[in-house]
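Visitor: show me how the following folds:
(one chain, ligands or ions: 1)
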Amino acid sequence: MTSRERVRALVKRFRQVYPNAHCELDFKNPLQLLIATILSAQCTDKRVNMVTPKLFKKYPTAAAFANSNPATLENEIRSTGFFRSKTKSIRAASAAIVSNYAGKVPQTMEDLTALPGVGRKTANVVLGNAFGKNVGIVVDTHVVRLANRLRLTTQSDPEKIEQDLMNLVPRTDWTLWSHWLIWHGRRRCFARKPDCSNCEVFALCPSGKIFLRTGEAREPEPGQIKSSRRIAVQTRARLPVLPVRASG
Ligand code: SF4
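Guide: Numbers count the residues shown, from 1 in each chain. Model prediction:
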C-alpha cells in the first residue's frame, strides 16, 4: 500500500472513529479564536477555556484588547503560562488588526502571519476553523508525533511535516485531518504509552506492531485484545527487539 493509499484509508477510518472532531478551543468569532490560539501555546485547551469566557466578556473587540492595560491582562491570563509574551502578542496583534484591517481579523495566510506573534500554525487554526478555509494543515505536538508514527513523514520540522501532509491528504480534509490526529493523540496515541492494542487505526500504522513487540505500547486490558493483535501480543516475548523510531 502506498502512503497516499494509506492516507485515503486513514481518512475513511478517522471519519468513522471521530465523526464530531472539532477545534477544542471555545470561541464565537475569528478574533476570539485568534486570542485563544495565542493563549494555547504551551497550555492545554481546557485551561484556555477556563480563562477565555471572562476575558472575551471584558474585551469584546480587537480595540479593547489593543487598549488593555498590560499588567492587568498579564494577570488575567497568568494561568496559561508565558503570560508576558502572550500579553505582548495579543496587544500587538490586536493593534495591527485595528489599524490595518478596520478591527476585523484578516482572512489570508499572508496577512495573518504578518500580525505580531502569529505564526503559520495559529494562522492555520484561524483560517480552517473560523473561516472554513483549507489553506494549510495545523501541525502541533500531536500532529508531529502521529505523522511520524504513521510514517507519513520523516521530518521533525513542523513546516516540512505540513508540506509532506499537504502532499498526501486531500485538501478538502486538511482542517479535519489535524483534528483527527490531535484527537487520536489525546485519546489513544499518547506520547509515552500509546494504546496500540486498542487503536482504531492499528492495521494502518507501521509503528503499532513494533511498539507492541518492544513493550513501548500500553499493555492491553484483559479481554480487549482481538484476533491477530492477540497473537502479536502473545508472541511478543519471542520476537527480537526492533529499534523504535524517535517520535516525539
Ligand atoms: S497503532 Fe499505536 S502508534 Fe500507531 S496510531 Fe495507533 S496508538 Fe499510535
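Visitor: leaving out sequence neighbours, find the closest residue to the residue of the chain at minimum distance from the ligand.
Guide: The minimum distance from the chain to the ligand, using CB to the nearest ligand atom, falls at G208 (2.6 Å). Where you see a C-beta, it was placed from the backbone N, CA and C, and this is true even at glycine. Excluding the flanking residues, the one nearest G208 by CB to CB, 6 or more residues apart in numbering is C196, at 4.1 Å.
Visitor: which residues touch N129?
Guide: N129 sits next to H22, C23, F27, L33, T175 when contact means CB atoms under 8 Å, 6 or more residues apart in numbering.
Visitor: redo that, cut-off 7 Å
Guide: N129 sits next to C23, L33, T175 when contact means CB atoms under 7 Å, 6 or more residues apart in numbering.
Visitor: quick one: least confident helix or strand in the protein?
Guide: The least trusted helix or strand in the chain, going by mean pLDDT, DSSP states H and E, turns out to be helix 227-234, with a mean of 37.
Visitor: thinking again about what came up before, could I get the contacts of N129 as a markdown table with secondary structure, neighbour count and distance to L152?
Guide: Output for the contacts of N129, formatted as a markdown table (DSSP: H, G, I helix; E, B strand; the rest coil; neighbours: other CB atoms under 10 Å; distance: CB to CB, whole Å):
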| residue | secondary structure | neighbour count | distance to L152 |
| --- | --- | --- | --- |
| C23 | coil | 20 | 22 |
| L33 | helix | 24 | 27 |
| T175 | helix | 24 | 17 |
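Visitor: how far off centre is stretch 205-220?
Guide: Distance, stretch centre to chain centre, for stretch 205-220: 23 Å (CA atoms, centre = their mean, to the nearest Å).
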